[in-house]
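>>> generate coordinates for the sequence data below:
(2 chains)
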Amino acid sequence: MSSSAGRNVVRRIAGGAGWLCLALMLVLGGPVAVQARESTPVVTDHVTVTLVSEVDAFQPGTPFRIGLRFRIIPGWHIYWQNPGDAGTPPSFTLSSPANVTTDPIRWPTPVRLPEGPVMTFGYTGEVLLPMSLTPPTATPESGHDLTLAGDAAWLVCADICVPESGSLHLTIPALAPSTTEPAGGAEAALFAQADSRMPQPSPFAATLRADGTLSVTGAGLSTATVHDAWFFPAHWGVIDHSADQKLAVHEGGLTLALTQAADFATTNSLTGVLTLRDSHGQESNLQLTALRAPAGAPAEAAGSPIPPLFQALAFAFLGGLILNLMPCVFPILAMKALAISQLSGAARRTIRGHALAYTIGVLVAFAALALLLMGLRGAGSLAGWGFQFQSPVFVAAMAWLLFGIGLNLSGLFEVGGGIIGVGQSLALSGGHRGSFFTGLLAVLVATPCTAPFMGAAIAAALAGTPVVTVTIFLAMGLGLAAPYALLALAPGLAALLPRPGGWMVVLKQLLAFPMYGASVWLLWVLSQQAGSSGVLAVAIGFLLLGFAGWVFGLGQRAQGRWRLISQGLVVVAALGIAALVTGIAAMAPSTVANAAAPGDGSEPFAAARLAALRAEGRPVFVDMTAAWCVTCLVNERVALIPTRDAFARNQVVYMKGDWTRQDPEITAFLRDHGRDGVPLYVFFPPHRDPVVLPQILTPDRVLRAITPVAS
Amino acid sequence: MKITEPSTTRRSLLALPLALAAMSALAGFGAGLMSFAGTAGAAPRPGTPAPDFTGVDSNAQTLRLSDFQGKLVVLEWTNDGCPFVGKWYQSGAMQQLQRDATARGAVWLSVISSAPGQQGFVDGGRANQLTQERNAAPSRVLLDPRGVIGHLYDARTTPEIFVIAPDGTLAYMGGADSIASTREEDLAKAEPFAREAIFAVFDGKPVLHPVTRPYGCTVKYAD
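Numbers count the residues shown, from 1 in each chain, chains lettered A, B, ... in the order given. Predicted structure coming up:
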């Protein structure tokens, strides 16, 4: 809807410009109107086409412009150089004189012409397509007229399309040899109009990120100058023509979220026209080429992708606020609300003191959380994101942990003693110390509940520098503390809190299922690492956990001797799980050797073997993968399995490095290629430099890499 | 006032390290799921299973794509009023390709996704008449006036060709050939992408250009 409105606006603008042109022509071209250099038109049912010249008379040897002028009836359009999803651009071939050729058409910026799910780019109303030509230099011919003859062909479409063509003839006189004055023609205004829509070289730096985002940076770009933007790709296949292009503008830059198309992965750059519109509707059309940001480069290096810090902080604060609604934390808040109501008679200063102590408690807990996570990330960045999943023991432990949390959320048992119990008793002890520990407790208690929701936030926070990370976490903490602080400052609000009740139990039980889902996935990962015996061990662990949870739950409701017996059984189950851990740790290494030989014609990666093959002059394709890397699996299914025949035909050795488990040789290979994670695909042609393939593969790209270039 | 905690509010309390571990596991899980959904939910892609569909042909027979498992299937989006389609039929090139493909056992399904009132929309009788008049040789002509199959394959132009290998995976999607024009003389100059793809699959060779630019008129879907 908005795009058709946009089209109307453009049409109106074009219409206005037409009137302006007419006025200009009357003023400027009045006296020479009889001399107009415009050919006899080709008139069809849909268009009137002429050939026009920018000059009334040409200087021999000096280039000047001619143009193909289209006047199109309402509701119909012709196409741009890249017509979009359908259609074809107009063409013009000069057939005479033989010694004159025209440069390619220079295309004014088109408009978008959406049709249902399909997007095309073209022109409506009136458009001039200019071309330069160089007339012969002074010869016996000079002083004579130049008669141009050419054939134009175009496709004109509304809801249906009609291919049309015609021959055009235009005679332009030469200036007398003595004349040096420029010869502005009656049609010059048409060219000026076309030039106003011609894309200008972009003064801004542009990069294309691996996710398809176009990032443009430069002074002058801001929310004040950019209200609307659209990118017209010069070629088919790199980005989707019809997909939305979500714009984000910040001081000094903008990003357009483009959608990748078939050839995206194999293209190193994106060329096209970026149209920027300010809030007054004033357009700037920029010709630009965006180079692909180096694959795997952190987002910061690709331009300015991170939302402004204050925006991230605002979201973190909101996230913290929302944590208050989590069922785990609500009782704490309710408890404190009750405490506040008791304080209603107390001095303002006392109440503020409590609020401050609680807030500090929350912030300390969040800072600790941030530091711990950064520590994890620090270790992770050494070996790559997800490295911790390389340890089967870790994966098994995670699977059990998540299963256990799930059982707990399902209500099989309650966990209340131990450290947290101490925290709770501290929290219940009055005074500022109590408020501080309540803050700590709220965070500790909130985290397991919020785990499924925190993933994205944590990823965003960790993308920044340590200072940014800690700041974002602290903002989250402030958000969590805010309602209590507010309650402390306005005790009357406490009465408005919804009461804890049955709804919290249902929510808690619902949250068990993401936990079960995650443990199922981890079980599958483990099956890749430690085979069926590993799966069996983890499944036995599930059984023991289920049993232990049930017995523990029973014990919690029992008294005296039964309680002791149940605790004894839990200890036995825990010992059983500990035994399973040592079992998994022991079984993992022995199964790794067969995991790397999956019968797909590959051989396991070995640096020495690679060196030997290269010395022999054999082409080698190295595929670094891991079972927990979903991108790797998709690439394999989409691009590597379908091209297996081509590997055989070209006698390419297919080497596969399985990084599902830690392997120093593979880690070294990854680092040599500037990566810290999988996937990585490198083709080693015989006697030539290796080629690193994109992280998202297509069969076409693989074939092009491994097929020898015929020379 | 004594602070009491109702039994329903007695909460599960787990230590911080456990929570951290759970979060990192879930972050990995979420990221994995997201990247997987990104590829599975998108438009068809060569090397992945071609989406199955049920359709009605010009003789009012219902057919399913999966009925043809084990055979090479060609889907040809068409619109008899489109000049790009006209180039292929007036020259006889499309009919020849249909005959060459079906002679080797391919199932050729011409698909008409034009909505009622739009160019190219036909009923079963008219579709059969067109096949006869043009001496065309599709195995069946599918009528898709609601654009269901068209949207499923994200078909955008006529003519546009999809080649489905006998194992049900998509082997080719794109233009009928390499030159986006309505001129018959360009047929001989163009690289015949669709023909190459069909016979590459028959011959067990890799398809060199599994995705090419589809060209032609827009598919005349209902708005």
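>>> and A:Asp45, what is it in contact with?
When contacts are counted by CB atoms under 8 Å, 6 or more residues apart in numbering or on different chains, A:Asp45 touches A:Ile73, A:Val162. To be clear about C-beta, it is placed using only N, CA and C from the backbone, and glycine gets the same treatment.
>>> one more time with 7 Å, if that's ok
A:Asp45 makes contact with no residue, according to CB atoms under 7 Å, 6 or more residues apart in numbering or on different chains.
>>> just checking, next helix/strand downstream of the longest helix along chain A?
Counting residues, the longest helix found in chain A (DSSP state H) is helix A:512-557. As assigned by DSSP states H and E, the chain's next helix or strand after helix A:512-557 is helix A:560-595.
>>> what packs against that following helix?
Judged by 3 or more CB pairs under 7 Å, 6 or more residues apart in numbering or on different chains; DSSP states H and E, the packing partners of helix A:560-595 are helix A:392-410, helix A:512-557.
>>> could I get those helices as JSON lines with distance to A:Cys632, mean pLDDT and mean neighbour count?
JSON lines is the format used below for those (distance: least, CB to CB, whole Å; pLDDT from 0 to 100; neighbours: other CB atoms under 10 Å in any protein chain shown):
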{"stretch": "helix A:392-410", "distance to A:Cys632": "17", "mean pLDDT": "77", "mean neighbour count": "23"}
{"stretch": "helix A:512-557", "distance to A:Cys632": "11", "mean pLDDT": "81", "mean neighbour count": "19"}
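>>> so which residues of chain B form helices?
B:16-40, B:83-90, B:93-103, B:124-133, B:148-153, B:186-189, B:193-202.
>>> how does the chain divide up, domain by domain?
Just so you know, I chose chain A. Domains of chain A are assigned by automatic domain parsing as A:2-196, A:200-302, A:309-585, A:603-706.
>>> switch to chain B, please.
If you go by automatic domain parsing, chain B breaks into B:13-40, B:54-218.
>>> is A:Val49 part of a helix or strand, or is it coil?
Assigned state for A:Val49: strand (three-state reduction, DSSP: H, G, I helix; E, B strand; the rest coil).
>>> tally of neighbours for the closest residue to it other than its chain neighbours?
Among residues not flanking A:Val49 along the chain, A:Val42 sits closest, at 4.6 Å (CB to CB, 6 or more residues apart in numbering or on different chains). Counted by other CB atoms under 10 Å in any protein chain shown, the residues lying close to A:Val42 total 17.
>>> so, low pLDDT: which residues of chain B?
Applying pLDDT under 70 to chain B flags residues B:1-43.
>>> nearest residue to the middle of it?
When CA atoms, centre = their mean is applied to chain B, the residue found nearest the centroid is B:Tyr153 (3.1 Å).
>>> ok, it to A:Ala639 distance?
B:Tyr153 sits 20 Å away from A:Ala639, going by CB to CB, to the nearest Å.
>>> same check, this time on A:Gly361
52 Å.
>>> pull the contacting residues for A:Ala608.
A:Ala608 neighbours (CB under 7 Å, 6+ apart): none.
>>> that one: which element?
Assigned by DSSP H and E, A:Ala608 falls in helix A:607-616.
>>> and if you look at A:Ile78?
Counting by DSSP H and E, A:Ile78 is found in strand A:78-84.
>>> touching, B:Gly175 and B:Phe193? I think so.
Yes - B:Gly175 is within contact range of B:Phe193, at 5.9 Å (criterion: CB atoms under 7 Å).
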